[in-house]
Structures are given as C-alpha cells and as structure tokens.
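1. Below is the sequence, then the predicted model.
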Amino acid sequence: MIIALVATYHEVLSMTQPLPRSLRERIGHALAFETIAVLICAPAMAWFMDKPLVHLGALTLMFSTVAMLWNMLFNYLFDRAQGRLGFGLWARVSHALLFEAGLILMLVPLAAWWLSIGLLEALLLDIVLILFFLPYTLAFNWIYDLLRARWLARREAQVGDAVCRGA
C-alpha cells in the first residue's frame with residue numbers, strides 16, 4: 001500500500017498542471033475534509049477537556065461551519081487581490097497567515113463563550129487545533145490527490161479502451 005501511494009505521488013508530481021476541479025468535487029472535498037476532522041476532533045477534545053461529547057461535537061461542527069464559510073469568503077477575496085500580490089512564495093505565506101489570523105479572530109471568542117472559558121484558554125485550545133490541522137491538512141490533501149490521480153488515470157484508461165473497441 002505504501003509503495004503504491006509513493007508511486008502515485010510521483011505521478012502527481014509529474015503532472016504539470018492539475019486538472020480543473022468541478023464545484024461538485026470541491027464541495028465533496030471540503031465535506032470529506034471537515035467530516036473526518038470532526039470525527040477525530042470531537043472525541044479527542046471531549047476526552048482532553050473532560051466535557052460531554054455532544055457539547056464538544058456541537059462546537060466542532062460550529063468550528064467546521066465557520067471555517068468552511070471563512071475559507072470560501074477569504075479565498076474569493078484573496079483571489080481578487082492576488083493580481084497585485086503575484087503567485088510566489090510571499091503570496092502563499094500571506095494567504096496562510098491572513099487566513100489563520102481571521103479564523104482565530106472568529107473561533108477564539110466562539111470557543112470561550114461555548115465552553116465558558118477565558119479568551120487565553122480558548123486561544124490555547126485554538127493553537128492545539130492549529131497544531132493538529134497542519135499535519136492533518138497535509139496528509140488529507142496528499143492522500144486525496146493520490147487517490148484522485150489514480151481515479152483519473154483509471155477513468156482515462158477506460159475511455160481509451162472504449163475508443164479502441166469503437167464504442
């Protein structure tokens with residue numbers, strides 16, 4: 001399995017341009033990302049904070065909803081500004097820092113209110129979540145891209161076979 005993932009990873013790296021993603025695929029990607037994150041974070045946070053799973057599950061769903069909506073709005077605004085920023089490393093670093101700063105400004109007060117804790121405690125919770133989401137995002141998107149490349153290669157092979165058979 002690991003050898004297959006590494007081999008497919010090299011296929012992904014060899015692609016010069018990623019194939020465009022449909023709105024349907026983008027929605028599916030976001031929902032899968034957030035669903036898996038909620039299924040991991042809610043029980044972990046409930047255990048860590050010794051709070052009911054339902055209470056932390058509701059918070060993680062609120063976090064997920066806010067993050068998805070912020071992601072759509074922020075990326076729309078950032079795309080409009082990117083003409084001035086360019087597409088280099090500076091633009092990517094700015095994108096990541098500004099996105100996280102905006103998310104912190106929204107989620108820390110929400111966590112403090114929902115959990116009846118202070119802003120500093122909520123900020124520390126958010127830092128823990130950021131430390132989780134950095135490797136999670138990397139792993140999720142890497143695996144997603146690998147599986148997507150496999151699926152597209154299989155689909156392309158099926159189309160090629162159909163053309164060869166005259167279908």
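-> Now that the structure is in, tell me what you want to look at.

2. Name the helix or strand of the protein that has the lowest mean pLDDT.
-> Across the helices and strands of the chain, mean confidence by mean pLDDT, DSSP states H and E is lowest for helix 2-14: a mean of 49.

3. Show me where the protein has its helices.
-> 2-14, 23-49, 53-85, 89-115, 119-164 (DSSP state H).

4. Include mean neighbour count when you put those helices into TSV, please.
-> All C-beta atoms are positioned from the backbone trio N, CA, C, and that covers glycine. Output for the helices of the chain, formatted as TSV (neighbours: other C-beta atoms under 10 Å):
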stretch	mean neighbour count
helix 2-14	11
helix 23-49	15
helix 53-85	14
helix 89-115	14
helix 119-164	13
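
5. just for this structure, where's the confidence low?
-> 1-19, 85-86, 161-164, 166-167 (pLDDT under 70).

6. redo that, cut-off 90
-> Applying pLDDT under 90 to the chain picks out residues 1-27, 29-30, 71-100, 134, 138, 141, 145, 148-149, 151-167.

7. ok, and what's touching stretch 60-77?
-> Stretch 60-77 has contacts (C-beta atoms under 8 Å, 6 or more residues apart in numbering) with 30, 34, 37-38, 41-42, 45, 98-99, 102-103, 106-107, 110-111, 114, 129.
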